[in-house]
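# Output the structure for:
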Amino acid sequence: MRAHELGRRGEEVAARYLEARGWTILERNARFGHKEIDLIARREGVIAFVEVKTRAGTQFGHPLEAITQRKRREIRTVAAAWLRRARPGAATLRFDAVSVVFRGAEPALLEHVEDAWRITDRF
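As a prediction, the model looks like this:
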């Protein structure tokens, strides 16, 4: 399976996982320029900007290790642009991460890290 297809499958698995836990997916693959946030989800008074990392196995390390400082800054940029456009009202904002590891055709492991990192400057 090609990397792009694997990533899209992982995003779909992550979205279904979040929806099953009461989250509403507000947007998928939100873009600002060439930067992207995989999922934007809302539950009660929380909006989560969710980065999904998917792997076909763990031989190259844990998927969440791929969320670098640079990627976090990119996600913050897209989040700020989305907030200006969507104007979602008062909400607690946070950055979550979901890792999906496939073994064959089926997801073998999913991990949702709530509030995975913080941004110290204001939106």
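
# And for this structure, the residue most distant from the center?
Within the chain, the residue lying farthest from the chain centre (Cα atoms, centre = their mean) is Gly104, at 22.5 Å.

# where along this structure do the strands fall?
For the chain, the strands defined by DSSP state E cover 24-32, 35-43, 46-55, 92-103, 106-117.

# is it possible to export those strands to a markdown table including mean neighbour count?
All C-beta atoms are positioned from the backbone trio N, CA, C, and that covers glycine. Shown next, in a markdown table, are those (neighbours: other Cβ atoms under 10 Å):
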| stretch | mean neighbour count |
| --- | --- |
| strand 24-32 | 15 |
| strand 35-43 | 19 |
| strand 46-55 | 23 |
| strand 92-103 | 19 |
| strand 106-117 | 14 |
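
# Could you report the distance from the residue farthest from the centre of the chain to Ala56?
When distance is defined by Cβ to Cβ, to the nearest Å, Gly104 is 9 Å away from Ala56.

# now Arg9, nearest residue through space, not along the chain?
Of all residues not flanking Arg9 in the chain, Thr54 sits nearest, at 6.9 Å (Cβ to Cβ, 6 or more residues apart in numbering).

# Who are the contact partners of that neighbour?
Residues near Thr54 by Cβ atoms under 8 Å, 6 or more residues apart in numbering: 6-7, 9-11, 13, 63, 99-102.
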